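J.: Got a sequence here, can you build the structure:
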Amino acid sequence: MDTIGERIRAARKEKGLTMRQLHDLTGLSTGNISDLENDRYAPSVSALLPLREALGRSLDWLLCGAEEAAPISEQAVECDGIPLSQTEADLVAMFRYIGARERETAFDFVTMLYEKATGEKGSIYSTYTAAERGEKSDPAEGGEAQGGIA
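T.: As a prediction, the model looks like this:
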């Protein structure tokens, strides 16, 4: 399976779902699903998220065909001692696929939400600096995946 559409179709058929049933689970029109499966265009994030849930596949698998990792609960990926949810892990995966400018915008937005929710200024991690925000952690962009806890 070389394309996103082929992977979506294969996962749908593996689950025994018709396009109509996938529509019911995702809210995507059957025409939209058909267009995706036939690679007429790449899915948006707003289409990928419900497809991920309905098909039980990771965003990495849907987008790249990367081998499925163990479920997040078995990976022991933690932040502050709390396991990351699948949604949190997917946010990190999506963050790695966007450009530097979009990353900065996303970081600024989340920082603003954090400050609004807590009344505190800046990052919750005192070691996180503005210079680190620009670091590449996407191997596809020539960076290296950053180790450690998210």
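
J.: hmm, which helix or strand of the chain has the shakiest average pLDDT?
T.: Taking mean pLDDT, DSSP states H and E as the measure, the helix or strand of the chain with the lowest value is helix 72-75, at a mean of 46.

J.: Where does the record place the domain boundaries for the protein?
T.: Split into domains by automatic domain parsing, the chain comes to 1-97, 99-139.

J.: Show me what whatever helix or strand comes next after the least confident helix or strand of the chain pairs with in its sheet, parallel or antiparallel.
T.: Sequence-wise, the next helix or strand downstream of helix 72-75 (DSSP states H and E) is strand 78-79. Strand pairing for strand 78-79, determined by DSSP bridges: strand 82-83 (antiparallel).

J.: Report the mean confidence score over the partner strand.
T.: Across strand 82-83, pLDDT averages out at 78.

J.: what's downstream of that strand, the next helix or strand?
T.: Using DSSP H and E, the helix or strand that follows strand 82-83 in sequence is helix 86-97.

J.: those helices in the protein, which residues are they?
T.: 4-14, 19-26, 30-37, 45-55, 59-64, 72-75, 86-97, 100-118, 130-133 (DSSP state H).

J.: ok, residue 35 - how many residues close by?
T.: By other C-beta atoms under 10 Å, the residues close to residue 35 number 15. For glycine as for every other residue, the C-beta is placed from the backbone atoms N, C-alpha and C.

J.: Name the nearest residue to it, ignoring sequence neighbours.
T.: In this structure, residue 35 finds its nearest non-sequential neighbour in residue 41, 6.2 Å apart by C-beta to C-beta, 6 or more residues apart in numbering.

J.: how far is stretch 2-17 from where the chain is centred?
T.: Computed by C-alpha atoms, centre = their mean, to the nearest Å, the chain-centroid distance of stretch 2-17 equals 18 Å.
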